[in-house]
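A.B. asks: sequence? don't have it. structure:
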């Protein structure tokens, strides 16, 4: 795929009283000091994308507007593949994919979620389970951002217990008919395509009760995607409440590789590591903002950085940040070797979103009253961290997955 730069549709830049966007030396243990050239090139491309697009995202976040041009630009710069392996896609190592995720989330949380939805969920689902015909038609379009994709599993009454999904698909002649509802679906009202997970309802068929995935074009009759309003997190990407009112799709709309709920879990396990990297990006931004602010803000005749309490807070933040980096680097190494277990990704997600919350809270406090201003970045990251702390498996669900793994006993209801 081409990585040539196109003219930027995002003129202008964020204005702030403090130079908190300057990249600080936040890699204290040089965790990323030995990045291979190919991985660093992908990371540099992500940095260029963030420098180009992120300055406009604060205004979009404030207005709760979804800048679709930013999503498509990510595809144009070949940044949404998320390590998905396919002959038609640019190959990224787990480390490169993680660094891209980290850098994009460092720039803006909504951008990080666009990557998670478009690449981590939609593109990965198609690449893993789609037919050759489905992939030929849609894979490149998802990767280059010309078509926006969504992953519809969560329902209004089934979040953490998504295995209990109630959306059903039944055979009707030469079509599948899908009925049900989904909620919190990123890109679900973007005019693109949605990968809908539904339970087969056909008592005469062997697959009755099986969970399968269907590729649904969002302009299909009976498909209604309504943007969820009133969000206080990830405000610059739209999530949708989807109603599927007897949506007819052809028989070949089912992804042949999907046979059970375990296939949906395969996608979620793969994206769980991405959330750990995303949390690291958010935390890095908050730490860098705090360090820059502390060295520039003068109170009582000297920079904040000269106060003992401020230095101690910065040290606590760096402690958490370094641990997050070590988790991510080791996780990438395990994945590269083919040894990463799903619960290891769960532990990284569990640790990193919790640590990111601590760092963001400290950063907000360190910036004082200026910490609540969007122009200083911290408050926006703090709010967005709340969303990634929950999605792809809540803290409690991760704890139960890990508890089952280490004890051999399940505490799930």
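C.D. replies: Cool, got the structure. Being a predicted model, the structure only gives us computed values, none of them experimental.

A.B. asks: what residue ranges in this protein score low on pLDDT?
C.D. replies: Within the chain, the stretches with pLDDT under 70 are 1-24, 161-162, 204, 413.

A.B. asks: Need the residue closest to the centroid of it.
C.D. replies: Nearest to the geometric centre of the chain sits residue 116, at 3.0 Å (C-alpha atoms, centre = their mean).

A.B. asks: That residue and residue 277 touch, don't they?
C.D. replies: No - contact between residue 116 and residue 277 fails when scored by C-beta atoms under 8 Å: they sit 9.9 Å apart. Where C-beta positions appear, they are placed from N, C-alpha and C, glycine not excepted.

A.B. asks: and the closest residue in space to residue 118 that isn't next to it in sequence, what does it touch?
C.D. replies: Distances taken as C-beta to C-beta, 6 or more residues apart in numbering put residue 80 closest to residue 118, at 4.9 Å, once the chain neighbours are dropped. Residue 80 makes contact with 74, 114-115, 118-119, 123, 142-143, 145, according to C-beta atoms under 8 Å, 6 or more residues apart in numbering.

A.B. asks: in what helix or strand does residue 80 lie?
C.D. replies: Using DSSP states H and E, residue 80 sits within no helix or strand.

A.B. asks: and what of residue 248?
C.D. replies: Using DSSP H and E, residue 248 sits in strand 239-250.

A.B. asks: elements contacting whichever helix or strand comes after that strand?
C.D. replies: Using DSSP H and E, the helix or strand that follows strand 239-250 in sequence is helix 261-296. If contacts are counted by 3 or more C-beta pairs under 8 Å, 6 or more residues apart in numbering; DSSP states H and E, helix 261-296 sits against helix 94-107, helix 109-115, helix 124-129, strand 211-217, strand 302-303, helix 308-336, helix 342-366, helix 378-390.

A.B. asks: Show me how far helix 261-296 is from its chain's centre.
C.D. replies: Computed by C-alpha atoms, centre = their mean, to the nearest Å, the separation of helix 261-296 from the middle of its chain amounts to 8 Å.

A.B. asks: Next secondary structure after it?
C.D. replies: Proceeding N to C from helix 261-296, the next assigned helix or strand is strand 298-299, under DSSP H and E.

A.B. asks: count of neighbours near residue 40?
C.D. replies: A count of nearby residues for residue 40, using other C-beta atoms under 10 Å, gives 15.

A.B. asks: Oops, could you answer that again for residue 322 instead?
C.D. replies: Neighbours of residue 322 under the rule other C-beta under 10 Å: 16.

A.B. asks: just residue 164 next, same as before
C.D. replies: Count around residue 164 with other C-beta under 10 Å applied: 11.

A.B. asks: residues contacting it?
C.D. replies: Residue 164 makes contact with residue 158, according to C-beta under 8 Å, 6+ apart.

A.B. asks: I'd like the distance between the residue of the chain most remote from its centre and residue 307.
C.D. replies: The centre of the chain is farthest from one residue, residue 301, which by C-alpha atoms, centre = their mean lies 42.7 Å away. Going from residue 301 to residue 307 by C-beta to C-beta, to the nearest Å gives 11 Å.

A.B. asks: that older thread, overlap in contacts of residue 116 and residue 277?
C.D. replies: Residues touching both residue 116 and residue 277 by C-beta under 8 Å, 6+ apart: residue 101.

A.B. asks: Determine the three-state secondary structure at residue 121.
C.D. replies: helix (DSSP: H, G, I helix; E, B strand; the rest coil).

A.B. asks: quick one on the thing from earlier: need the helices and strands packed on helix 261-296 in JSON lines with distance to residue 149, can you?
C.D. replies: JSON lines is the format used below for these (distance: least, C-beta to C-beta, whole Å):
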{"stretch": "helix 94-107", "distance to residue 149": "17"}
{"stretch": "helix 109-115", "distance to residue 149": "11"}
{"stretch": "helix 124-129", "distance to residue 149": "8"}
{"stretch": "strand 211-217", "distance to residue 149": "9"}
{"stretch": "strand 302-303", "distance to residue 149": "47"}
{"stretch": "helix 308-336", "distance to residue 149": "23"}
{"stretch": "helix 342-366", "distance to residue 149": "22"}
{"stretch": "helix 378-390", "distance to residue 149": "19"}
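
A.B. asks: right, so the ones you listed: which one is the most enclosed?
C.D. replies: Most buried of the helices and strands packed on helix 261-296, by mean neighbour count (mean count of other C-beta atoms under 10 Å): helix 109-115, with a mean of 29.

A.B. asks: how distant is stretch 299-316 from the center of its chain?
C.D. replies: Remark: stretch 299-316 is offset 34 Å from the chain centroid, using C-alpha atoms, centre = their mean.

A.B. asks: now do the same end-to-end measure for that stretch.
C.D. replies: Criterion C-alpha to C-alpha, to the nearest Å; first-to-last residue distance in stretch 299-316 is 22 Å.

A.B. asks: What lies in contact with it?
C.D. replies: So stretch 299-316 is in contact with 287, 290-291, 293-298, 358, 362, 365-366, going by C-beta under 8 Å, 6+ apart.

A.B. asks: One more: stretch 275-282?
C.D. replies: By C-beta under 8 Å, 6+ apart, the residues outside stretch 275-282 that reach it are 98-99, 101-107, 109, 112-113, 116, 321, 324-325, 327-328, 331, 345, 348-349, 351-353, 355-356, 360, 381, 384-385, 388-389, 391-392.

A.B. asks: dump the residue contacts of residue 148.
C.D. replies: Counting by C-beta under 8 Å, 6+ apart, residue 148 touches 68, 71-72, 118, 142, 187, 190-193.
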